[in-house]
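> Sequence and predicted structure, then a few things I'm wondering about:
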Amino acid sequence: MFAAFLLLSAAPSLSIECNGNWALGCDFEGGDFNQATIPGDKCGGRCLGTPGCSHFTWTEWWTCFIKQSQSSKADAFDATDSSNTNHLVCDIKM
């Protein structure tokens, strides 16, 4: 089940710190099969309600990328860069 969360500005980090199954500033490579322009607090529910969704990434541009692949938390990568603080949330459906 996805935990409810607040999306806050996060400074770029060198590592991903998971809070349960979700983390700030991360993404998963590929696996996108659907997307929606929705608030971040709706992205997890969209994944739960989408058959085949295994995980998602939400961006500060209100884009929820619904993903499908054999991914684990270990597959998440740091998606921040030194020129821009990316506001991303990634989560694995368990």
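Okay, I see it. Numbers count the residues shown, from 1 in each chain.
> The closest residue to Ser15 other than its chain neighbours bridge partners, please.
Excluding the flanking residues, the one nearest Ser15 by CB to CB, 6 or more residues apart in numbering is Asp78, at 6.8 Å. Yep, even glycine has a C-beta here, placed from its N, CA and C like the rest. Per DSSP bridges, the residues bridged to Asp78 are Cys26.
> so Asp78 sits right up against Gly25, yeah?
Yes. Using CB atoms under 8 Å, Asp78 makes contact with Gly25 at a distance of 6.3 Å.
> At which residues are the strands of the protein located?
For the chain, the strands defined by DSSP state E cover 18-19, 22-24, 26-27, 32-37, 55-59, 63-67, 77-78, 88-92.
> Report the contact partners of His55.
28, 31, 47, 67, 69, 71, 90-93 (CB atoms under 8 Å, 6 or more residues apart in numbering).
> if we take those, which one ends up nearest to Ser15?
Set against Ser15, the nearest of the contacts of His55 by CB to CB is Cys90 (13.7 Å).
> ok, back up a step: how near is the residue nearest to Ser15 to Val89?
According to CB to CB, to the nearest Å, Asp78 stands 13 Å off from Val89.
> any shared contact partners between those two?
Shared contacts of Asp78 and Val89 (CB under 8 Å, 6+ apart): Cys26.
> could you redo the contacts of His55 as a markdown table and give each row pLDDT, distance to Thr59 and neighbour count?
Converted to a markdown table, these look like this (pLDDT from 0 to 100; distance: CB to CB, whole Å; neighbours: other CB atoms under 10 Å):
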| residue | pLDDT | distance to Thr59 | neighbour count |
| --- | --- | --- | --- |
| Phe28 | 91 | 13 | 23 |
| Gly31 | 93 | 15 | 18 |
| Cys47 | 95 | 14 | 24 |
| Lys67 | 96 | 13 | 26 |
| Ser69 | 91 | 18 | 14 |
| Ser71 | 86 | 17 | 18 |
| Cys90 | 84 | 10 | 27 |
| Asp91 | 83 | 13 | 26 |
| Ile92 | 82 | 17 | 22 |
| Lys93 | 79 | 18 | 17 |
